[in-house]
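A.B. asks: Output the structure for:
(2 chains)
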Number of protein chains: 2
Amino acid sequence: MESVEDLSLGPCTASQYLRPFRLRYRQNGISKIWDFMRSHDSVSILIFNTSRQCFVVVKQFRPAVYMCEMERKCPQNFERKKQETWNPLPNSLPASVGVTYELCAGIVDKPELSLEEIACREILEECGYEVPLATLKRITSYRSGVGVTGSKQTLFYAEVTDEMKASEGGGQPEEGELIEVVEIPLKDSMDFAYNESFPKTMGVIFSFMWFQTNVAPNLLEN
Amino acid sequence: MESVEDLSLGPCTASQYLRPFRLRYRQNGISKIWDFMRSHDSVSILIFNTSRQCFVVVKQFRPAVYMCEMERKCPQNFERKKQETWNPLPNSLPASVGVTYELCAGIVDKPELSLEEIACREILEECGYEVPLATLKRITSYRSGVGVTGSKQTLFYAEVTDEMKASEGGGQPEEGELIEVVEIPLKDSMDFAYNESFPKTMGVIFSFMWFQTNVAPNLLEN
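C.D. replies: Next up is the predicted model:
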C-alpha cells in the first residue's frame, strides 16, 4: 500500500491552488465580512460496469484528509506560532488514514469543453474506459463547501462494459497523480457505502443509493 | 427576500476562518507538495416533523456561493493583480443566486461535547426544536472537500413533532447568522431534491433519498 514519509508542515503564503479572498458586504442593512476561497467547479461520475456488475471508483492518498487526522492526534503542530516555519512532522500515522474512496472526478478548468466532455476525459484518464459522450446521463448538480468555496458539482452516470476498456487508468503520473482504480461489486455496494471504516466521500454513498433506486430495478427486469 | 449591497472584494492575508498550510512529503518515493486548509469537522441533521409530515431545512445567503456566480459573470474582478487592494464589485447579481438550501448543521469546535450534543444544540439554535439526545439516529459519516480540507462530516436523523418546538430558530443573529427555517412537505421532497433551480447541498439530496429508502416504508406501515 501507500508509503508516506518525511512529512514537513509549512506556511502557505501564496498558492496557485488556494485563492483566498475577503468579501465586505451589507446584508439586509448589516455590514459583514466573509472569507472564502475560489475554486473550480467540478464533475464526478458514477461508473457502473455491466459486464462485471460492479461500480468503478478511485482510491487515493489525500494529504488534506491525512492532515485532518494528524491534527486530531498532534494538534500542537498546527498552532499559529508554528505556521511561519517548516516543521518536520512525526511519521506516526499510517498513510492509510489519508486514503479515501471517491467517484471518478475532475475540475472544470477548460472553458472550451462541455461538462460532459470533461467527464468523459476523466473517465478515460482515471479509470481507462472510453465512454461515448451521448451515453452519459446527468444525475443532478449541487453546491459543495458552501461555507468556503461554494463551487458547483455536477454528477453524471456512465455505464461501461469490459469492451470499452482502453487503458489502465490511474490518472496522470506526470502530474503526480497516483490513483488506484477499485471495483466494488454491486451486491456488496450498500454494505460498503455505509461501512464507515472505508473513508469515502458523500458522492460515493449518494450515487450508490441513487443507483439502487433508479437503475437497479431495471437491471432486474432485463 | 435578502438584500445584498455595497460589495467589495479584497485580499485575505490572515484569517481566523481559513488556515492554509503547505505539506511537503514523499509518497512511494516521490517528493510532493500539497496546499490544504484545516477546518473543523461538522455535523448535519436531517429533521423530519411527523406532525406536519415535512422536512425541516435551512436556507441562507452564502457569500462563497454568490462569489462563485460573480466570478462566472465578472471574472476580471478575481484576477491576481487585483487581489492586493479592495475593489468595489458591481451590484449586478441578485442575492438569490447565493441562497442555498441546506441541512441544519454546525461545526465541531467544543471538545467537551459529543457529536450528538452538538447536533441537538444546532437543531435548537437553527430550527427551534428541543430534541432528546437519545432519539438522534446516526446515519453515517464521510469526508468532505477531500482536495482542500478533508474534514469529517457526520450525518444524523432527528424526528420532531410540533410539541417539541421551543423557539423560532434562525441561528444566532448576534453572530451575524441570518437563517431561514423552511419546511419541505414529504410529498414534494423528491421533486425538490432533483430540481436544480433550488440550489442545495448534496446532504439535502442524499438524506431525502435515504429517508425514502429507510424511513418512509415504515411510515406507510404505521
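A.B. asks: lowest-confidence helix or strand of chain A?
C.D. replies: helix A:216-221 (a mean of 82; mean pLDDT, DSSP states H and E).
A.B. asks: Could I get the buried residue list for that one?
C.D. replies: Buried residues in helix A:216-221, counting neighbours by 16 or more other Cβ atoms under 10 Å in any protein chain shown, are absent. C-beta coordinates here come from the backbone N, C-alpha and C atoms, glycine included.
A.B. asks: tell me what that helix is packed against?
C.D. replies: Helices and strands touching helix A:216-221, as assessed by 3 or more Cβ pairs under 8 Å, 6 or more residues apart in numbering or on different chains; DSSP states H and E, are absent.
A.B. asks: Tell me the pLDDT of the most far-flung residue of chain A relative to its centre.
C.D. replies: The outermost residue of chain A relative to its centre, with distances by Cα atoms, centre = their mean, is A:G29 at 38.3 Å. pLDDT, A:G29: 84.
A.B. asks: Kindly list the main-chain dihedrals of the spatially closest residue to it that is not a sequence neighbour?
C.D. replies: In space, and not counting its chain neighbours, A:G29 is closest to B:S3: 7.7 Å by Cβ to Cβ, 6 or more residues apart in numbering or on different chains. Dihedral angles of B:S3 (phi, psi; degrees, to the nearest 10) stand at phi -120, psi 130.
A.B. asks: what number of residues lie near B:S3?
C.D. replies: The burial count assigned to B:S3 is 12, neighbours taken as other Cβ atoms under 10 Å in any protein chain shown.
A.B. asks: Equivalent analysis for A:E112, please.
C.D. replies: By other Cβ under 10 Å, neighbour count at A:E112 equals 5.
A.B. asks: In three-state terms, label it for me.
C.D. replies: Counting by DSSP: H, G, I helix; E, B strand; the rest coil, the backbone at A:E112 sits in coil.
A.B. asks: quick one: the residue farthest from the centre of chain A from A:E69, how far?
C.D. replies: Using Cβ to Cβ, to the nearest Å, we find A:G29 at a distance of 43 Å from A:E69.
A.B. asks: do the same with A:D109
C.D. replies: For A:D109, the distance to A:E69 - Cβ to Cβ - is 29 Å.
A.B. asks: Which one's more surrounded, those two?
C.D. replies: Neighbours were counted for A:D109 and for A:E69 using other Cβ under 10 Å; A:E69 has more, 16 against 10.
A.B. asks: and the helix ranked longest in chain A with chain B, contact?
C.D. replies: When chain A is parsed with DSSP state H, its longest helix is helix A:202-214. Yes. Using Cβ under 8 Å from any Cβ of the partner chain, helix A:202-214 reaches chain B at A:202-206, A:209-210, A:212-213.
A.B. asks: gap between the two ends of stretch A:135-151?
C.D. replies: Distance between the boundary residues of stretch A:135-151 (Cα to Cα, to the nearest Å) amounts to 25 Å.
A.B. asks: hang on, I meant stretch A:181-192
C.D. replies: End to end - Cα to Cα - stretch A:181-192 spans 16 Å.
A.B. asks: Contacts for that stretch next, please.
C.D. replies: A:48-49, A:52-59, A:101, A:126-128, A:168-170, A:198, A:208-209, A:211-212, A:216 (Cβ atoms under 8 Å, 6 or more residues apart in numbering or on different chains).
A.B. asks: Select from the residues you listed every entry located in strands.
C.D. replies: Using DSSP state E, A:48-49, A:54-59, A:101 are the members of those that sit in strands.
A.B. asks: Could you single out the nearest of those to chain B?
C.D. replies: A:Y101 (9.3 Å; Cβ to the nearest Cβ).
A.B. asks: which residues does that closest one contact?
C.D. replies: Under the criterion of Cβ under 8 Å, 6+ apart, the neighbours of A:Y101 are A:57-59, A:182, A:198-201, A:204.
A.B. asks: ok, back up a step: what's the closest of the residues of helix A:202-214 next to chain B to B:C74?
C.D. replies: Closest approach between the residues of helix A:202-214 next to chain B and B:C74, by Cβ to Cβ: A:G203, at 29.7 Å.
A.B. asks: The residue nearest to the closest one when sequence neighbours are not counted: neighbouring residues, count only.
C.D. replies: Distances taken as Cβ to Cβ, 6+ apart put A:L103 closest to A:G203, at 4.7 Å, once the chain neighbours are dropped. Per other Cβ under 10 Å, the neighbour tally for A:L103 reads 26.
A.B. asks: Now do A:L103 against A:C127, distance only.
C.D. replies: From A:L103 across to A:C127, the span is 10 Å (Cβ to Cβ).
A.B. asks: what touches both of the two?
C.D. replies: The contact lists of A:L103 and A:C127 share A:47, A:58, where a contact means Cβ under 8 Å, 6+ apart.
A.B. asks: now the helices: where do they sit in chain A?
C.D. replies: A:63-73, A:115-122, A:189-194, A:202-214, A:216-221.
A.B. asks: so which of those gets nearest A:M164?
C.D. replies: With Cβ to Cβ as the measure, helix A:115-122 is the member of the helices of chain A nearest A:M164 (11.0 Å).
A.B. asks: Show me the shaky parts of chain A.
C.D. replies: Where chain A drops to pLDDT under 70, the residues are A:1, A:80-83, A:174-177, A:221-222.
A.B. asks: can you do 80?
C.D. replies: Chain A contains residues with pLDDT under 80 at A:1-2, A:13-14, A:16, A:79-84, A:91-92, A:171-178, A:220-222.
A.B. asks: Report the contact partners of the residue nearest to A:G203.
C.D. replies: Residues near A:L103 by Cβ under 8 Å, 6+ apart: A:44-47, A:57-58, A:155, A:201, A:203-204, A:207.
A.B. asks: swap the cut-off to 10 Å and go again
C.D. replies: A:L103 sits next to A:43-47, A:55-58, A:122, A:126, A:153, A:155-156, A:200-204, A:206-208 when contact means Cβ atoms under 10 Å, 6 or more residues apart in numbering or on different chains.
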